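Student: This is a predicted model, with the sequence first.
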Amino acid sequence: MKWKQKATWILRTNLIALVFDTLILFLLSLFLEVEMSTLVESGFFPSILLLNSGALFLAGGLIAMAASLFPSKIREYVFHSREKWSQEGQRKGERRANLYILAGITLFLESLALATLIL
């Protein structure tokens, strides 16, 4: 994957998270019968972004860990998998995990920026 494709993937993931968070904020405002601006001013939107960044960090960590030696040996012995661990497979998993971690960093920075703008 080239750097332009990686940047596009990160920005697309960021946009999807922002749309999803806005939808959650809209539904929350409907259920609580409060305006969306009130929820944004009270800090719900940066909190939701922070939760999403944590989820992306967790996903990236799990992807990186799944390609490592220990989980592959567990799959081999417990589930009788024929897939063997390889160093190239681990590198590939780490590269995929880096994308999730970078997307999590962007969401984290956005949540910090929004929190400081609101205060």
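Tutor: Right, received. Where do you want to start? Quantities reported herein were computed from a predicted structural model and do not represent experimental measurements.
Student: Can you report how many residues neighbour Leu56?
Tutor: By other C-beta atoms under 10 Å, 23 other residues sit near Leu56. (C-beta placed from N, C-alpha, C; glycine too.)
Student: For it, list the residues it contacts.
Tutor: The contact partners of Leu56, taken as C-beta atoms under 8 Å, 6 or more residues apart in numbering, are Thr13, Ala17, Tyr100, Ile101, Ala103, Gly104, Leu107.
Student: Tell me which two of those sit farthest apart.
Tutor: With distance counted by C-beta to C-beta, no two of those lie farther apart than Ala17 and Ile101, which are 14.1 Å apart.
Student: Please pull out the lowest mean pLDDT helix or strand from the chain.
Tutor: One helix or strand of the chain scores below all others by mean pLDDT, DSSP states H and E: helix 69-78, with a mean of 71.
Student: what residue lies at the spatial centre of the chain?
Tutor: With distances taken as C-alpha atoms, centre = their mean, Leu56 lies nearest the centre of the chain, 1.9 Å away.
Student: State the distance from it to Pro71.
Tutor: With the distance defined as C-beta to C-beta, to the nearest Å, Leu56 ends up 20 Å from Pro71.
Student: Likewise for Leu119?
Tutor: Here Leu119 is placed at a distance of 42 Å from Pro71 (C-beta to C-beta).
Student: Which positions in the strand or helix carrying Phe45 come out as buried?
Tutor: Secondary structure assigned from DSSP states H and E places Phe45 in helix 44-66. Buried positions in helix 44-66, judged by neighbour count with 16 or more other C-beta atoms under 10 Å: 44-46, 48-50, 52-53, 56-57, 59-60, 63-64, 66.
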